[in-house]
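Novice: dropping a prediction and its sequence here:
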Amino acid sequence: MSDWDFLHEMHDRGYSAEDIADAAGCGYAPWEAAYVAEQETKDALKELLALRSAQEISREEFLKARARILGHRNV
């Protein structure tokens with residue numbers, strides 16, 4: 001699938017022109033948002049762990065940042 005095939009698929013699924021424009025701006029279709037958000041969370045946590053392992057941040061800073069990244073989820 002090319003980079004823009006999902007835009008045509010969105011049109012075929014009945015999404016509005018505004019929804020399609022938003023998807024073009026971010027580079028992924030709405031049904032991929034959950035996967036993208038999950039991957040971004042994993043990447044942020046991995047970076048945070050690297051900072052803690054290198055002792056560039058304190059344990060308290062680590063815990064606060066982890067809570068911000070995970071939001072409402074259990075930490």
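Specialist: That came through, no problem. All values reported here derive from a predicted model rather than from experimental measurement.
Novice: please identify which helix or strand holds the most centrally placed residue in the chain.
Specialist: The centre of the chain sits closest to residue 37, judged by C-alpha atoms, centre = their mean, with a distance of 2.6 Å. Per DSSP states H and E, residue 37 falls inside helix 33-53.
Novice: the residue lying farthest from the centre of the chain: helix or strand, and which one exactly?
Specialist: In the chain, counting by C-alpha atoms, centre = their mean, residue 55 sits farthest out from the average C-alpha position, at 25.9 Å. Using DSSP H and E, residue 55 falls within no helix or strand.
Novice: could you do residue 19 as well?
Specialist: helix 17-26.
Novice: neighbours around residue 70, how many?
Specialist: Around residue 70 there are 13 other residues, counting by other C-beta atoms under 10 Å. From N, CA and C alone the C-beta is placed, and that goes for glycine too.
Novice: how far away is it from residue 60?
Specialist: 16 Å (C-beta to C-beta, to the nearest Å).
Novice: over to residue 27?
Specialist: 36 Å.
Novice: the more surrounded of the two?
Specialist: Taking other C-beta under 10 Å, residue 27 and residue 60 do not tie; residue 27 has more neighbours (11 against 8).
Novice: ramachandran angles for the more buried one?
Specialist: The phi/psi pair for residue 27 (degrees, to the nearest 10) reads phi 90, psi 10.
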